[in-house]
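In: Here you go, sequence then predicted model.
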Amino acid sequence: MLISLIVPIRNEQAGLDRFWQAITAVLEQTSYEFELVMVDDGSSDDSWRLISEFTTTDRPSLHVAAIRLSRNFGKEAAILAGLRQAEGSAAIVLDADLQHPPELIPKMLDLWDQGRTPIVEGVKRKRQHESFMKRMGASLYYRIFSLSSGLDMQGASDFKLLDRRVMDQYINLPETDRYFRGLTAWMGFDAAAIEFEPPDREAGESGWSLHNLLALARSTIISFSSLPLRIVTWLGVAGLIFSLALTIQTLWYKWMGFAEEGFPTVILLILGIGSMILFSLGLIGEYIGEIYREVKRRPSYIVSETLSPSEHISQPSREQSADVVTAQAHEEVRE
């Protein structure tokens, strides 16, 4: 039985040799046949050279494929590219920095094979060593996401095993702006959980800057919930109630003959209402921007190169037939 391992990679040169040694040692302990699909998401270091060398490995139970994206399209796009390439009965997505312990792969496979559980997910028992502000920000984000979408993502990670039918459903989703953790939870398949404590990164640096994390939080909350738009409505209702109450108070004071000059009140009202209007317009603009990105139907990624010793992977790949070829067809129509 063939199992696919999907590994998105960006600037992981310093730790790829360590990852290769760890993953091959674990795979030798199992009786499955594996294909390792390594996706270079626009690395600027020597990652692609190292990945290319791995594809020359001659192991009877391990086939290595390498996909190079034309630029950095993001981790979600790299995962999608790997899943489209995967030929296995199941696929396991894991990071190359060893913060997703490869030692858990046999246990994941046992849970999947024995119970035929469609999804086996790695759940963080606690987060890796991070600053206090980053931990608080992550906790706040997951609370907001859970309240707005109804999906409990606390402790969730991209370290997951997906059955073939789950993979096919995920690949066939029409949206281009994807959130792997959220969409696999949204699909509603039965899932088993394996807890783990991610070790500290031994080599290289995380590619997630504060700006990237905030952009991801904004995108995922907007993609999974219309609750922020309803907040605009609630702000409007609250403003209307407050305005009516203030109008009644003003008229009452006037009729009683002790109305006072209200310049500070007027100024505060103008500032408050103006801020609410600008906030509402900005929020609506975010949703319009998300719609704009989706209706353009641009491919999620573009593959510049693929490498594999296996003949079936060297043929035109699925990502080309799905995203890239569609984009080429549109271009031909316009011409």
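Out: Yes, it's here.
In: quick one: the strands in the stretch 201-335 of the chain?
Out: 303-307 (DSSP state E, counting those that start in this stretch).
In: Am I right that Val64 sits in a strand?
Out: Yes - applying DSSP: H, G, I helix; E, B strand; the rest coil, one finds Val64 inside a strand.
In: Now do the contacts for it.
Out: Glu35, Leu36, Met38, Phe54, Thr55, Thr57, Ser308, Pro309 (Cβ atoms under 8 Å, 6 or more residues apart in numbering). For the C-beta atoms, the positions are set from N, CA and C on the backbone; glycine is no exception.
In: Can you tell me which of those is nearest Ala238?
Out: Distance to Ala238 across these (Cβ to Cβ) is lowest for Met38, with 52.0 Å.
In: Give me the residues contacting the strand or helix carrying the closest one.
Out: Using DSSP states H and E, Met38 sits within strand 33-40. Outside strand 33-40, the residues that touch it by Cβ under 8 Å, 6+ apart are 1-10, 23, 27, 47-48, 51, 54, 61-69, 78-79, 81-82, 85-88, 96, 310, 313.
In: List only those of these flagged as buried.
Out: Neighbour counting by 16 or more other Cβ atoms under 10 Å classes 3-10, 23, 27, 47-48, 51, 54, 62-69, 78-79, 81-82, 85-88, 96, 313 among the contacts of strand 33-40 as buried.
In: Narrow those residues to those in strands?
Out: Judged by DSSP state E, strands contain the following of the buried ones among the contacts of strand 33-40: 3-9, 62-69.
In: Look up how far Asp46 lies from Tyr292.
Out: Distance, Tyr292 to Asp46, by Cβ to Cβ, to the nearest Å: 37 Å.
In: Looking at these two, which has the bigger crowd around it?
Out: Asp46 (13 against 10; other Cβ atoms under 10 Å).
In: Now the more buried one. Nearest residue, chain neighbours left out?
Out: Leaving aside its sequence neighbours, Asp46 sits nearest to Gln13 (Cβ to Cβ, 6 or more residues apart in numbering; 4.6 Å).
In: Kindly list the main-chain dihedrals of that neighbour?
Out: Backbone torsions of Gln13, given as degrees, to the nearest 10, read phi -50, psi -40.
In: got it, and Asp95?
Out: phi -90, psi 160.
In: Return the residues in contact with it.
Out: Counting by Cβ under 8 Å, 6+ apart, Asp95 has contacts Val7, Pro8, Asp158, Phe159.
In: Which strand or helix spans the third one?
Out: To tie it back to what came earlier, the one meant is Asp158. Going by DSSP H and E, Asp158 is not part of any helix or strand.
In: now do the one 4 residues further on
Out: If you go by DSSP H and E, Leu162 is part of strand 160-163.
In: Would you mind putting the CA coordinates of stretch 226-241 into CSV?
Out: C-alpha atoms of stretch 226-241 as CSV (Å, rounded to 0.1, in the frame of the first residue of the first chain):
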residue,chain,number,x,y,z
SER,A,226,-19.6,36.4,7.9
LEU,A,227,-19.7,37.4,11.6
PRO,A,228,-17.6,40.5,11.2
LEU,A,229,-20.1,41.8,8.6
ARG,A,230,-22.9,41.3,11.2
ILE,A,231,-20.8,43.3,13.6
VAL,A,232,-21.3,46.2,11.3
THR,A,233,-25.1,45.8,11.5
TRP,A,234,-24.9,45.6,15.3
LEU,A,235,-22.8,48.8,15.4
GLY,A,236,-25.4,50.5,13.3
VAL,A,237,-28.2,49.3,15.6
ALA,A,238,-26.3,50.4,18.7
GLY,A,239,-25.6,53.8,17.1
LEU,A,240,-29.3,54.2,16.3
ILE,A,241,-30.4,53.4,19.8
